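1. With the input below, show me the fold.
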Amino acid sequence: MNAAQRRARILDELKAVQAPLSATVLAQRLSVSRQIIVGDVALLRAAGEAVTATPRGYLLERPLPGLARTVACLHSGADMERELTLMVDQGCTVENVIVDHPVYGQLTGPLKLSSRYDISEFIRKVEQNSARPLSVLTDGIHLHTLRCPDEDTFQRTLAALEAAGFLAK
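-> A predicted model of the protein is given here:
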């Protein structure tokens, strides 16, 4: 298979799944190296394909049902897992985290967390890589884009975040 066929196959693989696919899994399926997949995905993005890299792998962006709402939060890195769990337990998907960096401007990290399992995998990866949350760049202040099934779910999520002391005032 040539490079164009391989990139078409990557898109087919991403269209066929709902969960992220890692570069390692794609490399195994296509019998190439992980680095080849990373390069192919970069070329797909440059060609305008809506491929997003998440902490758990690649996703093809699709229009999602529900309401997109943004919430401003403030807490320490130690409270990250608790904050994320509050949001998914109310029925929301945590689409991303956004911080306003004084030099680079808005920095966005895609998350796509919809369950406690997603969160535990994300936290495991953070710990495994000794990574720090983006919010450390802004003294804990950050935004999340939430995908909620309805307005009631969003309001319930706001109430849970406020009760935990995580909403930025």
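2. And the helices in this protein, which stretches?
-> With helices called from DSSP state H, the chain shows them at 3-15, 23-30, 34-46, 80-89, 116-128, 151-163.
3. Most tightly packed of these?
-> helix 80-89 (a mean of 19; mean count of other Cβ atoms under 10 Å). Any C-beta I mention is one placed from the backbone N, CA and C, and that applies to glycine too.
4. Let me have the helices of the chain in JSON lines, extended by distance to H101.
-> Below are the helices of the chain laid out as JSON lines (distance: least, Cβ to Cβ, whole Å):
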{"stretch": "helix 3-15", "distance to H101": "30"}
{"stretch": "helix 23-30", "distance to H101": "27"}
{"stretch": "helix 34-46", "distance to H101": "22"}
{"stretch": "helix 80-89", "distance to H101": "18"}
{"stretch": "helix 116-128", "distance to H101": "19"}
{"stretch": "helix 151-163", "distance to H101": "23"}
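5. got those helices as TSV, with mean pLDDT and distance to G66 columns?
-> Below are the helices of the chain laid out as TSV (pLDDT from 0 to 100; distance: least, Cβ to Cβ, whole Å):
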stretch	mean pLDDT	distance to G66
helix 3-15	94	21
helix 23-30	95	27
helix 34-46	92	25
helix 80-89	96	13
helix 116-128	93	16
helix 151-163	96	8
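6. closest one to P102 among the ones you listed?
-> For P102, the closest of these is helix 80-89, at 21.6 Å, according to Cβ to Cβ.
7. now the closest one against helix 151-163, angle please.
-> Inter-element angle recorded for helix 80-89 and helix 151-163: 160 degrees (by axes from the mean of the first three to the mean of the last three Cα atoms, to 10 degrees).
8. middle-most residue in the protein, spatially?
-> The centre of the chain sits closest to L111, judged by Cα atoms, centre = their mean, with a distance of 1.3 Å.
9. That residue and E95 touch, don't they?
-> Yes. Between L111 and E95 there is a contact at 6.5 Å, judged by Cβ atoms under 8 Å.
10. Pull up the overlap in contacts between the two.
-> Contact with both L111 and E95 is made by residues H144, according to Cβ atoms under 8 Å, 6 or more residues apart in numbering.
11. so what's A3 up against?
-> A3 touches D40, counting by Cβ under 8 Å, 6+ apart.
12. where's it relative to Q35, distance?
-> In this view, A3 and Q35 are 13 Å apart by Cβ to Cβ, to the nearest Å.
13. Just list whatever residues bridge to the closest residue to T138 other than its chain neighbours.
-> Nearest residue to T138 in three dimensions, chain neighbours excluded: V99, at 4.6 Å (Cβ to Cβ, 6 or more residues apart in numbering). On the basis of DSSP bridges, V99 is bridged to L107.
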